[in-house]
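J.: Need the 3D shape of this:
(one chain, ligands or ions: 1)
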Amino acid sequence: MGNSNRQKRHQGIPEPLSEAHIAKLKRKAGLPVDDVPETKKRKAPNGKAAKANGKSKDTKAPQPLPVRNAKVAKPKSKKNKPEPELDVDDMSDGIGSGFSDEELSGLDGEDGLKDDFLGSDDSVYDSEGENERRAMFSEDEDDSDAEEKLTAANIVGLSRKLDKEKAEEEAAAEAELQETLQTNIDIPHVLEDGTEEEQNKPLLAPDLQLLRQRISDTIRVLDDFATLSEPGASRSEYTAQLLKDICAYYGYSEFLAEKLLNLFPPREALAFFDANETPRPVVIRTNTLKTSRRELASALINRGVTLEPVGKWSKVGLQVFESNVPLGATPEYLAGHYILQAASSFLPCMALAPQEGERVLDMASAPGGKTTYLAALMKNTGCIFANDPSKTRSRGLIGNVHRLGVRNVIVCNYDARDFPKVMGGFDRVLLDAPCTGTGVIAKDPSVKTNKTEKDFITIPHTQKQLLLGAIDSVNHAGTGGYIVYSTCSVSVEENEMVVQYALKKRPNVRLVSTEIPFGKEGFTAYQGKTFDKSLSLTRRFYPHTLNLDGFYVAKFHKIGPTPANLVKNGSESTPRQQDEVFDKTPILADDKTPASAVADDDFGGFDDDEDAEYMQRAKRNAMRKRGLDPKALEKPKAQNKAKSDSSEVKAKAKTTNGSKTKSKSKSKA
Ligand SMILES: C[S@@+](CC[C@H](N)C(=O)[O-])C[C@H]1O[C@@H](n2cnc3c(N)ncnc32)[C@H](O)[C@@H]1O
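T.: Below you'll find the model as predicted:
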């Protein structure tokens, strides 16, 4: 079995829906059958080309003029390929473009996905051409025409005669077709009969096969509404029926099904709902801090694990095709040579592109899949603050950091909305935001029913606050100044609307390319709302096109400090940030103030006051770099002293109060 077939089976890209039935009906009615692959007909001897053109026997379709170069038929055949509205270009750019990874070649005997990833079969066009050429010189040709054919002078006349005949026959066929259209067309009966009350009765045991058929029929009608809709029925009636059936068939709340249905054209929506029923492939990320992909692949293959490269775009990802061993318990896993991770999780890290030696903040980091990837990209240099307010989830993060041999991470537990108050000056910030999870329904089907309208208000609200915090924590003047915002949701409320909000509230940031060469562009308009044009630089990833989790990635560049008055004046400011802006862009060592500029000129002279100012500035910078609030320096010494005196007294009092108190104060320390 080739890679592409395996990929299709395991990655669960939904099969395009069968059009055979409607094609049959259309042929019966003498309608052109544009969307049905004609593979079999093309292979038929003597290439009955009239059939391939969608004309039935009965319509006495004219024979086509002989075509010497059979390849002219090719574009037409291509047009006739089934069109499941999938992101073919994206697939070929991304996963499907062949993993000719030198590291892996020969390890599992697979060259990766081929160009026929979607099952296109160009070879049929060649065989069609061959048949047509043979028919042209066949002994069955009419001898009575032979003389005319051989007379060069008659060629023009003959050609005109044939053209005329052809035109007449075509006109007759068209008239017949119109007549058939009026009388014989088989319109699927999709809309439910009965009163509204009867229609709303829940189906106790829905017949899934019938439901599926009706969903397919409804989508066909919506695709070709003018021809296939019942007289007098409106498009919205069909859409309502589709929504109802999708809820019953896949088990979604009507609220969520409608939200998701609105994201796509109906046929693509069906592919999306189908893809949510199939698990995404198991993927492992090689921990390059400890091993290479080649070494890891060979070790796992020796253990009976069948692997495939995830894609050209990831030099570390390996897709697990089959495994007889538990992947979370192999010696390689325990030694930290890999982590089990969704391929989509690579994307925001790749977009952030942290550099060696930088200072990075991972704002919502547990359980650390992305933190540890960032650490590997930075080759364990620089410093990553891995934050997550959930201490329980942070245990997983700490476990991963240790297991994977990461040495440049500091774990902290803040609500990241407060982060700019805590510290700043980061070169890059990753905000992999908490979200509704509408991109990972395959992993967590409870999302189908447990997400309410309220969630799509409160969660985006938090996301907006977090994103402003991320922006205000970045140093615009250093090597980076980048912020990546990502969610595993496909909803516009959590993606484009959050990004649009940040652009409005922080004019000191711009969207830049994620540099991810696949995925769909973010929306620049949606349901009557328009967003900044630069939103097209953000990327949407869908399970039905790329077989990745549904995911969203936006990358910002900060080009200046946040104006201090901005939040106060903003009409939609969020409650937590109404009072102050905490832009922690640090004062750089080489910042010139008028005082220091004078000092430069006065080289050699010493001035105690000036030195004190320098020292104070250096202390403030050092505190910021250590993540401390430099305002603490400004507290009057006397007050500090009084405080420390009183705490000394308290501590002394405690030590005299027996061993229990002693151990308590020790553990506090
Ligand atoms: C999508 S998960 C992060 C996954 C993580 N980046 C990884 O790759 O392993 C979202 C995280 O946001 C955290 N979170 C929720 N509210 C938060 C807040 N106010 N500030 C920071 N993190 C928060 C959750 O605890 C959760 O761990």
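
J.: isn't there a strand covering Asn360?
T.: Not Asn; residue 360 is Val. Yes - the assignment for Val360 (DSSP: H, G, I helix; E, B strand; the rest coil) places it in a strand.

J.: That one pairs with what?
T.: Bridge pairing for Val360 (DSSP bridges) gives the partners Ile384, Arg428.

J.: for the ligand, what are the nearby residues on the chain?
T.: Neighbours of the ligand within the chain, by Cβ under 6 Å from any ligand atom: 345, 363-370, 388-390, 393, 415-417, 432, 434, 462, 466. All C-beta atoms are positioned from the backbone trio N, CA, C, and that covers glycine.

J.: Among those residues, name the ones in strands.
T.: Among those, the residues falling in strands (DSSP state E) are Asp432.

J.: Any regions of the stretch 51-200 of the chain where pLDDT drops low?
T.: For the stretch 51-200 of the chain, the stretches flagged by pLDDT under 70 are 51-156, 177-185, 193-200.

J.: I'd like to know which of the residues of the chain next to the ligand are buried.
T.: 345, 363-370, 388-389, 415-417, 432, 434, 462, 466 (16 or more other Cβ atoms under 10 Å).

J.: Which strands or helices does the lengthiest strand in the chain pack on?
T.: When every strand of the chain is counted residue by residue (DSSP E), the longest turns out to be strand 551-558. Applying 3 or more Cβ pairs under 8 Å, 6 or more residues apart in numbering; DSSP states H and E, we find strand 551-558 packed against helix 346-352, strand 482-487, strand 509-512, strand 539-541.

J.: which one of these is the most hemmed in?
T.: The highest average neighbour count among the helices and strands packed on strand 551-558, using mean count of other Cβ atoms under 10 Å, belongs to strand 482-487 at a mean of 27.

J.: Other residues contacting it?
T.: Residues outside strand 482-487 that contact it (Cβ atoms under 8 Å, 6 or more residues apart in numbering) are 347-348, 351-353, 427-433, 435, 439, 463, 467, 470-471, 474, 494-495, 498-499, 502, 509, 512, 514, 551-558.

J.: What segments of the stretch 501-650 of the chain are helices?
T.: Counting by DSSP state H, counting those that start in this stretch, one finds helices in the stretch 501-650 of the chain at the ranges 543-546, 566-569, 594-601, 608-625, 637-655.

J.: Least confident of these, on average?
T.: Among these, helix 594-601 carries the lowest mean pLDDT, at a mean of 33.

J.: Give me the local confidence score for the closest residue to Arg393 other than its chain neighbours.
T.: Spatially, and ignoring its direct neighbours in sequence, Arg393 is nearest to Ala366 (3.4 Å; Cβ to Cβ, 6 or more residues apart in numbering). The score at Ala366 is 98. That number is its pLDDT.

J.: Kindly report the same for Asp207.
T.: Asp207 is given a pLDDT of 85.

J.: So Leu270 versus Thr286, what's the distance?
T.: Note on Leu270: its distance to Thr286, by Cβ to Cβ, to the nearest Å, is 36 Å.

J.: Look at those two and report which has more neighbours.
T.: Set Leu270 next to Thr286 and count neighbours by other Cβ atoms under 10 Å: Leu270 wins out with 27 against 24.

J.: what's the closest non-adjacent residue to the more buried one?
T.: Among residues not flanking Leu270 along the chain, Ile219 sits closest, at 5.9 Å (Cβ to Cβ, 6+ apart).

J.: ok, that neighbour - contacts?
T.: 17, 242, 266-267, 270.

J.: Now rank the residues you listed by neighbours and give me the top one.
T.: In the contacts of Ile219, the most neighbours by other Cβ under 10 Å go to Leu270, 27 neighbours.

J.: Val283 is in contact with Ala343, isn't it?
T.: Yes - under the criterion of Cβ atoms under 8 Å, Val283 makes contact with Ala343 at 4.7 Å.

J.: what's the overlap in contacts for these two?
T.: 310, 317, 319.

J.: mind listing which of these are in strands?
T.: Filtering the shared contacts of Val283 and Ala343 for strands - DSSP E - leaves 317, 319.

J.: which among the shared contacts of Val283 and Ala343 gets closest to the ligand?
T.: The ligand has its nearest neighbour among the shared contacts of Val283 and Ala343 in Gly317, at 14.4 Å by Cβ to the nearest ligand atom.

J.: Let me know the secondary structure of Glu192.
T.: From three-state DSSP, the assignment for Glu192 is coil.

J.: So it sits against Tyr238, correct?
T.: No - the pair Glu192 / Tyr238 is not scored as a contact, 11.2 Å apart, by Cβ under 8 Å.

J.: Please say which of those two ends up with more neighbours.
T.: A count of neighbours by other Cβ under 10 Å puts Tyr238 above the other of Glu192 and Tyr238, at 22 against 16.

J.: returning to what we had before: show only the entries of the residues of the chain next to the ligand found in helices.
T.: 369-370, 393, 462, 466 (DSSP state H).

J.: Widest-spaced pair of the residues you listed?
T.: Using Cβ to Cβ, the two most remote members of these are Gly369 and Thr462, lying 20.8 Å apart.

J.: That concludes my questions; thank you for your assistance.
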